[in-house]
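Colleague: following is a predicted model, sequence given first.
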Amino acid sequence: MENRQELLDSVQMARFVARGSLRLDAVVPAEMNTEGLAVLAEGVPPVRYGTPLSEAYAEGSFVRRLLELPQVAGALHSLVGPEPWVDHHFVHTREPHGGDAQPLHGDAIIDVRPDAFDVQLMYFPQAVTLEMGGTLTVPGSHLRRINESDTGRYQNLRGQDRLVCPAGTVVFLHHGLWHAGRRNDSDAMRYMFKIRFNPRVRQQRLWNTSDLDDPQVAAELDSMFPWYEAATGRLERYNRILLWRVLTGDDDFDLDHWVTRVSNRPAEAQA
């Protein structure tokens, strides 16, 4: 897909590594959202697993034009690179005053890749109110590995994010982020379109790295979230340092000596 892209910067990438999500509010124009509601109501034909992005959606189709929007295309490239595979897509709907809250879960089977990740794009063609439910996510949960609904017994965690957003919002999630669809208590049908993408290139410096030395990068990576335990929660920070090293190719990057301290294995014998 050759189109203009607005790549993420390093601060945005660091925020994604820390939170496990990236939100682009109202990036889809109003006229496209009106069209999108009709398209999603009719349904989007399935795509075979592993189809390259440029072959997955016909030129001029709604989904193709959605993914070619400069901010959407740039974020996707920054996270998974050019020509990712389309893993699958799905139109999620909730009837008015319908549905139960999903159990908190991570998608698919446990995924222990430390050096790669899939992303899930979620497109919301209409404004989502708190009453409509939307998608609940737990910031910073993506690197604590679970298998599907291992976390299903938890209904609410401190610092969780209940999505409320304007029409045309697109959210990118790390494949491991804990999330759940909420029940719809409004009078309106709720729509959300999801696509999962698999990278086909090494996910290293795919974004605009001109601000890589910005102090805000380290500040984002050092974020803590309210649900973290005092001790075990530190492991989330440790794991995101490891991921940032992979993404930047900088094996010496650290925050407050966290990784350097525990990877110290001197090889030279005492003289």
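Modeller: Here it is on my side, so go on. Numbering: from 1, shown residues only.
Colleague: buried set for stretch 52-60?
Modeller: For stretch 52-60, the neighbour count (16 or more other CB atoms under 10 Å) marks Leu53, Ala56, Tyr57 as buried. (Each C-beta comes from the backbone N, C-alpha and C, glycine too.)
Colleague: contacts for it, please.
Modeller: Contact with stretch 52-60 is made by Met1, Val47, Val63, Arg64, Leu67, Glu83, Pro84, Trp85, Val86, Phe197, Arg200, as judged by CB atoms under 8 Å, 6 or more residues apart in numbering.
Colleague: cool, and stretch 197-204?
Modeller: With CB under 8 Å, 6+ apart as the test, stretch 197-204 has contacts from 50, 52-53, 76, 79-87, 115-121, 246-249.
Colleague: chain center to that stretch, what's the gap?
Modeller: With CA atoms, centre = their mean, to the nearest Å as the basis, stretch 197-204 stands 14 Å off its chain's centre.
Colleague: and that stretch, C-alpha only, in PDB?
Modeller: The C-alpha trace of stretch 197-204 is given here as PDB (Å, rounded to 0.1, in the frame of the first residue of the first chain):
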ATOM      1  CA  PHE A 197      -1.900  -7.700  11.900                       C
ATOM      2  CA  ASN A 198       1.200  -9.900  12.000                       C
ATOM      3  CA  PRO A 199       4.600  -8.300  11.200                       C
ATOM      4  CA  ARG A 200       6.700  -9.600   8.400                       C
ATOM      5  CA  VAL A 201       9.900  -7.500   9.100                       C
ATOM      6  CA  ARG A 202      11.900  -7.100  12.200                       C
ATOM      7  CA  GLN A 203      10.200  -4.500  14.400                       C
ATOM      8  CA  GLN A 204      13.200  -2.200  14.800                       C
END
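Colleague: Ser141 sits in which helix or strand?
Modeller: Counting by DSSP states H and E, there is no helix or strand that carries Ser141.
Colleague: tally of neighbours for it?
Modeller: If you count neighbours by other CB atoms under 10 Å, Ser141 ends up with 27.
Colleague: and it, what does it touch?
Modeller: Counting by CB under 8 Å, 6+ apart, the residues that Ser141 touches are Gly20, Gly176, Leu177, Trp178, Trp227.
Colleague: which one among these gets closest to Leu212?
Modeller: Using CB to CB, Gly20 comes nearest to Leu212 of the contacts of Ser141, at 20.5 Å.
Colleague: residues contacting the closest one?
Modeller: Gly20 makes contacts with Thr137, Pro139, Gly140, Ser141, His142, Leu143, Leu173, His174, Gly176, Leu177, as judged by CB under 8 Å, 6+ apart.
Colleague: in CSV, list the residues you listed along with pLDDT and distance to Gln204.
Modeller: Compiled in CSV, the contacts of Gly20 are given as follows (pLDDT from 0 to 100; distance: CB to CB, whole Å):
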residue, pLDDT, distance to Gln204
Thr137, 96, 26
Pro139, 97, 24
Gly140, 96, 22
Ser141, 95, 24
His142, 94, 19
Leu143, 93, 18
Leu173, 97, 20
His174, 96, 16
Gly176, 93, 19
Leu177, 95, 21
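Colleague: how about a markdown table for those residues, with distance to Leu7 added?
Modeller: Listed next are the contacts of Gly20 as a markdown table, based on distance: CB to CB, whole Å:
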| residue | distance to Leu7 |
| --- | --- |
| Thr137 | 24 |
| Pro139 | 23 |
| Gly140 | 24 |
| Ser141 | 26 |
| His142 | 21 |
| Leu143 | 23 |
| Leu173 | 19 |
| His174 | 18 |
| Gly176 | 23 |
| Leu177 | 22 |
